Every structure is written in structure tokens, then in C-alpha cells.
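Student: Attaching a predicted model along with its sequence, questions to come.
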Amino acid sequence: MKHKTLPHLFEESVNNFPDNILLREKKKAAYEGTTYADAYKAVRRTARGLLSIGLERGDRVALISEGRNDWVISELAILFAGAICVPLSVKIEQPSELQFRLEHSGCKGVIVSRNHQHKVFHLLNKLPELVFVVVMDPLDEEAQFARDRHSQKIIYVEDIRSQGDGVQEKYSGTLEKVKDSLVPGDYANICYTSGTTADPKGIMLTHQNYIHNVEQASAIFDVPPEFTSLHILPWDHSFAHTVGIYALMRNGASLASLKPGKTLAETVKNIPVCIREVRPHFLLSVPALAKNFRTNIEKGVKEKGRPAWWLFQMGLRAAYAYNREGNNKGGGFRVLLKPVVRFIDAILFRKIRAGFGGRLRFFVGGGALLDIELQRFFYALGMPMYQGYGLTEASPIISSNNPDFHKIGSSGKVVPWLDLKICGEDGLEKPIGEQGEIVVRGDNVMKGYWRNEKATNETVRDGWLYTGDLGYLDHDGYLYVLGRSKSLLIGSDGEKYSPEGIEEAMIEKSPFFDQVMLYNNQRPYTVGLVVINKVVMREYLLKQGLTASTEEGQRAALQKVRAELDRFMPGGEYEGLFPPRWLPAAVAVLSEPFSEANGLINSTMKIVRPAIHKHYESTIESLYTPRGKDIYHPSNRDAISALSV
């Protein structure tokens, strides 16, 4: 492989593209760029400063920050110094969760932004192994107070760099020696899983893991030096690491950070403005983000009036019919639709793309399975969302659609230089087209779980990573991912079925449902937990002259819930999409949504089924009683009545 380690990859790009912009950041009114050469100087200054305060080869340093230039510079400085970066989610709020990760990884230091420094300061008395805290922003009163009260060294990152300048002669040789001593098998990151139902596991990813996956990504996506991307997803995820940072860096391209707000809501509001200013060539996306994009696009078209909305809908229908699955678009009589698609694109879809900066070639979708309808939608608009599949344990890319090879509904073809097989419960490989567990082997497969040999041995066997995900390969080599094996619905006769497709379809096709989770563990029928879209249901009741505060209104709302579910049943609008036995015969309407705050959704916006099962254990059990099977039972009426608050 061309590059030995991530510092080597970066130095190679600095030599090849010194004057290209690597990082774009909006601190004030406009984005400003930092070249590869200037970023390299900042990395070396920071690394020397870290060495001067005692960082040694193999030490661990946590990184907690929203996306910004200093995120990349700090991680590279840690790696240049021979240490291991432990990127942590900014969404961690519980002190015990942060403490576990810092203790378990044995972090010697933390690099943190001002927005999250309080989380670390509150734990300093409980972290005797922690030696230093580097704050990315000038020290405020809170930081000064913490520095006076605790033994750990608390220092501003610019002071670290100045310190690095002061010891340049002493530590430059040390830095070179340490950096050049790194080998592909050395650890680069310890990435922690969400760990909602048990202690999180630290996934050990080596320099080789990242380098190999960067090369795999670069083999299927052409990213020339003039490309730029706006980095919206959390930077601690391996998806963001590999595709959003190091693949761009390898190719001399640039990445821009999202301007952070004081709150998450403020940051989200900045997304459209930042997209228009950065004018990205591609974006990374997850289903939740894709749905928000679609909602805002449709809202904007509706605001232009009925003729525009009618034209938009007609254009989508024509594009869907013409595009088919993407790889087979325009075949046969469908070629007649091409002029219609081009006409709608010229007068409407092109304007929608202009709202994304006008240069957007595609999205790369990861994190969770993207509903096929969303894939068709963005493909029709001329901004394809190429669904991929991966796990952090695989650094993370395993497969992906791309501009040259794509099939809507699939997770694309397996990346080069990776072995993949589908295995049955007996461990034997399944033939093409048959479902089983996805198992992979390659240089992008993790080294193991930090200080957890048992979990490592269960997951990686004879070099093969057992993903725990179900899927199959079709005859064209496209991978279809069906969901987690642990989330399967299991009938009373032992038959199994993946619920994700049903849940996504119900949310996608019914505006009344915000969240749906199905359950069946060898029971006589399937049940569901449903979170209602409050705004849509209130509007529905208002049109009926009803409110959620009355029994009549509650019954009308629950009758509508049942009617929406019946659209998927035999005789309904979507009859035949799914086997009836896996559709919910009884549902509980919940008054509280699944969220990160209550631990029922993880940082990648996936529902955490074991946690939901435990949290709603009594509710689920009640659905298997005659009283619970009645959709009008008091608990459901109470949940509807909460809509009036």
C-alpha cells in the first residue's frame, strides 16, 4: 500500500498539494480556508507542544468537539506524536458515560472545545490518570476556576502551539523519530459504540485499517483535488473519518465545517446557509438528515403554489418511471419519458439543486438503511443519494453504490480488496440470492475491542468479521442489507423476519407516524409501538371539529391510527408489500418519542431495540391481552390526550 500511516498520507498530500485548501471554517461572516501547507505547520506545532507536556507514544487522548479546523489538526497532532486518538461524541451528556470512556481507554489527556469543557471539568476529581486538558478556545472563567481547583494541567491550544515553538529545537527530532517509527498495525483510534444496554465497546482501528478503507473508497468514488464537501455529520464517527476527512485529504480536496450554533437547534438551522456558501460537490448523509432535506424541499415547492406542486409531482412520477433502479434507466419504451424528465429538470429540479449550491454531484448515504423511496426521490432531482453499508468495526465501508455502478434499493457492490460471504446459522456459506449473516475479511477489519478479549473473539473469528447484519447478494453482485439479526421478528413457529423495512415504509407512507417499532419474540402475533406526529394529528382532528382532550376526539384519532395501519393489511392500499403475519395486530401509542435523551436512540439516530424492549416491557406484554389488543384502551387514549397539551 502506498501510504504506511495516516501521518504519512497527510505528508504525501502536503507535498503534492501544498497550496490547495484543506480546511474551510466559518468563524465570522464568511468561510476562510487553510491550505495543506499551513495545516501541516499547525499540526507539527501542536504535536511538539503535546510532547512537551508529557505525551508519549501509545498514550491515549480523547477528542471532544463539534466539527472545526482544530478537530482535524488535533487528531493529526495526536497521531504525529505516536499517540492514539479517542474521538468521543459531543452528544454524550451523562457524566457516567463520559467517565467510563475516559477511564476504560486510560486517557492521559483530553482536547475539548469550550461548548463541552464543563463535561470534563466536572469529572477531574474522578480521573486520576488524566494529566492534561487542552481547550480549543481561550480559557474563560469556568476554565480558570477548574485550573485553580484541580491538579490536571488545563491549557489553551494556542498556548500549546506557542510552547511547541519554544521547544522546536528540542522536540523536532523527537517528533520525526516518533512519527517515522509508526507502523501500519499501530492503533490510530479507539472508537466507542453507543453502549445503551451495556458498557460500550472500544473499537480499535489501526492506521492500516483507515489507509486501506480510504483506498477502497477512492477506488469507487472519483474525488479530484478541486472537490469540497461540507461536513454535517458528527466527526467522531468512522464514516466521517474515512470518507469525510482522510479520503478527501488523500486526494488533495477540501472539507468545510458547519458553523456551530449555541444550541443543536441553532446548528441545524445553519445547514442550508452553509451548504449554499460552501457549494459542496458531495455530502455525507444519514436517513434522518435525508428526510429533513426532503421535507424542506417539498415545503419550498408547495410555497410556490399549486401549479408548481403539480409540476413537481408530475416530474417525480416521470423521473421514477424513467430511472427505474438507476442501472437500468431509460430502457425500452421508457426512453420516451426522457424529454419530459429533461424539461422538468430544466424548469424546476435545477432550481432545487441550486439551493444545495449548484455543484452537488451526489450524496453518500450511511449510518442506517435509507428508505428506497428517498433514494428514488433524490435520484429524480439529479442529486443521487448513493446508499452504502458499513460498520465501525470495518473502518467502516463494506459496500456502496457509486456513480458508475448503482442499483436503487441495494447497498451497492462490495468494495475492492475485501472478501464477503453470506453465512447461515450453521456457519456455512449461502449461495447467491439466499439470506444470511454478512461476514467480511480484509485489511479494513478492526484489530479488536479495547480490553475486551471475549467480545473480540466472538466477533472476529479466523480473520472474518461477523457483522450481525442479515443480507444477501444478487446475481449482479449488489448487496442487500435486511437488518440486524438481533432485531428480527420471530414467530411462534420459529419463522423470522426483519422489521426495518416495514417500520420505514409505515413512517414514509403515513404522515401520522413519526416512529414505529415492531416486536414479536415467538408470540402468536406481532405488536407495535407507535409515536404519533402531533402536528399532523392535531390538524386532522381540527378538520373534524374535534380535539384530543375529549373522548370523542381520542377515539377518532385512534381510529385514524388503525386506518393508517390497515393500509398495509390485506385489502389495503399497500396490500402485498409485507406478509400480514409481521404487521402489527395490536399497537401502543406512546406519549414520549424515542430519543437520545432517554437512551432509546443512539448517536447515529438508530433505534436501540433492547433498550426499548426493556423500557416498554410491561406495555409490550399488555398488547398480548384482550384489553391491550383493543386500540381504544385507556393507555392509548391517554397518549392521544397528551396531544392537547
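Tutor: Good, I have the coordinates. Numbers count the residues shown, from 1 in each chain.

Student: so who does A642 touch?
Tutor: A548, S591 (Cβ atoms under 8 Å, 6 or more residues apart in numbering). C-betas here are computed from N, CA, C, even on glycine.

Student: how much space between it and S194?
Tutor: Distance, A642 to S194, by Cβ to Cβ, to the nearest Å: 28 Å.

Student: do the same with K447
Tutor: With distances taken as Cβ to Cβ, K447 is found 20 Å from S194.

Student: Next, count neighbours for the nearest residue in space to D476 that is not next to it in sequence.
Tutor: Distances taken as Cβ to Cβ, 6 or more residues apart in numbering place K407 nearest to D476, at 7.0 Å, with adjacent residues excluded. Neighbour count of K407, defined by other Cβ atoms under 10 Å: 22.

Student: How much space separates K407 from N213?
Tutor: According to Cβ to Cβ, K407 and N213 sit 22 Å apart.

Student: I73 now?
Tutor: 22 Å.

Student: same question, N15
Tutor: 22 Å.

Student: again, but for L264
Tutor: Distance of L264 to N213, given as Cβ to Cβ: 29 Å.

Student: what element comes up after the helix or strand containing I398 heading to the C-terminus?
Tutor: Per DSSP states H and E, I398 falls inside strand 397-400. With elements assigned by DSSP H and E, the helix or strand that comes after strand 397-400 is strand 413-414.

Student: packing partners for that next one?
Tutor: strand 397-400 (3 or more Cβ pairs under 8 Å, 6 or more residues apart in numbering; DSSP states H and E).

Student: Okay, helices next: where are they in the stretch 251-400 of the chain?
Tutor: 264-278, 287-302, 306-323, 338-344, 350-354, 372-380 (DSSP state H, counting those that start in this stretch).

Student: can you put these in a markdown table and add mean pLDDT and distance to T526?
Tutor: Listed next are those as a markdown table, based on pLDDT from 0 to 100; distance: least, Cβ to Cβ, whole Å:
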| stretch | mean pLDDT | distance to T526 |
| --- | --- | --- |
| helix 264-278 | 89 | 34 |
| helix 287-302 | 90 | 23 |
| helix 306-323 | 96 | 30 |
| helix 338-344 | 94 | 40 |
| helix 350-354 | 96 | 39 |
| helix 372-380 | 94 | 22 |
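
Student: For P610, which of those is the nearest?
Tutor: helix 287-302 (20.5 Å; Cβ to Cβ).

Student: what does that closest one contact?
Tutor: Counting by Cβ under 8 Å, 6+ apart, 232-233, 268, 272, 285, 308-309, 312, 348, 352, 355, 363, 365, 367-371, 374, 377-378, 381, 385, 605 sit against helix 287-302.

Student: Can I get the buried part of those as one PyMOL selection?
Tutor: To isolate the buried ones among the contacts of helix 287-302 in PyMOL, judged by 16 or more other Cβ atoms under 10 Å, type:
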select buried, resi 232+233+285+308+312+348+352+363+365+367+368+369+370+371+374+377+378+381+385+605
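
Student: Have a look at the chain and report the helix or strand with the lowest mean pLDDT.
Tutor: strand 496-497 (a mean of 78; mean pLDDT, DSSP states H and E).

Student: how distant is that strand from the center of its chain?
Tutor: Distance of strand 496-497 from the chain centroid (Cα atoms, centre = their mean, to the nearest Å) equals 26 Å.

Student: Which strands or helices does that strand pack on?
Tutor: Using 3+ Cβ pairs under 8 Å, 6+ apart, strand 496-497 sits against strand 489-491.

Student: So which elements touch the strand it packs on?
Tutor: So strand 489-491, by 3+ Cβ pairs under 8 Å, 6+ apart, packs with strand 496-497, strand 521-523.

Student: out of those, deepest packed?
Tutor: strand 496-497 (a mean of 16; mean count of other Cβ atoms under 10 Å).

Student: what comes into contact with the helix or strand following that strand?
Tutor: Next along the chain after strand 496-497, taking DSSP H and E as the criterion, comes helix 500-509. Contacts of helix 500-509 from elsewhere in the structure, counted by Cβ under 8 Å, 6+ apart, are 369, 371, 373-374, 482-483, 487, 513-518, 564-565, 567-568, 574, 577-578, 582-583.

Student: what are the pairing partners of whatever helix or strand comes next after helix 500-509, and which direction each?
Tutor: Next helix or strand after helix 500-509 toward the C-terminus (DSSP H and E): strand 513-519. Its sheet considered, strand 513-519 pairs with strand 527-532 (antiparallel) by DSSP bridges.

Student: and the angle for the strand it pairs with with helix 500-509?
Tutor: Using axes from the mean of the first three to the mean of the last three Cα atoms, to 10 degrees, the direction of strand 527-532 lies 30 degrees away from that of helix 500-509.

Student: low-scoring stretches of this protein, by residue?
Tutor: Residues of the chain meeting the criterion pLDDT under 70: 1, 195-198, 367-368, 494, 604, 645.

Student: Longest strand in it, please.
Tutor: Assignment by DSSP state E gives strand 464-473 as the longest strand of the chain.

Student: roughly how far is whichever helix or strand comes after that strand from the heart of the chain?
Tutor: Following strand 464-473 in sequence order, the next helix or strand is strand 479-484 (DSSP H and E). Distance of strand 479-484 from the chain centroid (Cα atoms, centre = their mean) equals 16 Å.

Student: list the helices and strands strand 479-484 packs on?
Tutor: Counting contacts by 3+ Cβ pairs under 8 Å, 6+ apart, strand 479-484 is packed against strand 464-473, helix 500-509.

Student: From F10, how far off is E93?
Tutor: Separation of E93 from F10 (Cβ to Cβ) stands at 33 Å.

Student: Tell me which of these two has more neighbours.
Tutor: Applying other Cβ under 10 Å to E93 and F10 shows that F10 carries more neighbours, namely 23 against 12.

Student: Doesn't the more buried one belong to a strand?
Tutor: No - looking at F10 with DSSP: H, G, I helix; E, B strand; the rest coil, it is helix, so not inside a strand.

Student: excluding its backbone neighbours, what's nearest A394?
Tutor: Leaving aside its chain neighbours, A394 sits nearest to N444 (5.4 Å; criterion: Cβ to Cβ, 6+ apart).

Student: any idea which helix or strand carries the one you found?
Tutor: Using DSSP H and E, no helix or strand contains N444.

Student: who's in contact with it?
Tutor: So N444 contacts N209, H212, N213, Q216, A394, S395, I397, L418 (Cβ under 8 Å, 6+ apart).

Student: For those, which two are the farthest from each other?
Tutor: N209 and L418 (11.9 Å).

Student: Which of these two has more residues huddled nearby?
Tutor: A direct count of neighbours by other Cβ under 10 Å for N209 and L418 places N209 higher, at 28 against 19.

Student: and the more buried one, that's in a strand?
Tutor: No - counting by three-state DSSP, N209 is not part of a strand but helix.

Student: count of residues packed around the residue nearest to it when sequence neighbours are not counted?
Tutor: In space, N209 comes closest to S395 once its chain neighbours are excluded; the distance is 4.4 Å by Cβ to Cβ, 6+ apart. Neighbourhood size, S395 [other Cβ under 10 Å]: 32.

Student: Y386 versus S395, what's the distance?
Tutor: According to Cβ to Cβ, S395 and Y386 sit 18 Å apart.

Student: And I21, by the same measure?
Tutor: For I21, the distance to Y386 equals 25 Å [Cβ to Cβ].

Student: which of the two has more neighbours?
Tutor: Each of I21 and Y386 has its neighbours counted (other Cβ under 10 Å); Y386 has more, 27 against 22.

Student: okay but that one is in contact with N401, surely?
Tutor: Yes - in this structure, Y386 is within contact of N401 by Cβ atoms under 8 Å, at 4.0 Å.

Student: Quickly list what's touching both of the two.
Tutor: Joint contacts of Y386 and N401 (Cβ under 8 Å, 6+ apart) are G412.

Student: Can you pull out the residues in contact with stretch 322-340?
Tutor: Taking Cβ under 8 Å, 6+ apart as the rule, stretch 322-340 contacts 315, 318, 321, 341, 376, 379-380, 384, 401, 405-409, 476.

Student: how about those residues, which pair is most distant?
Tutor: G315 and D476 (28.4 Å).
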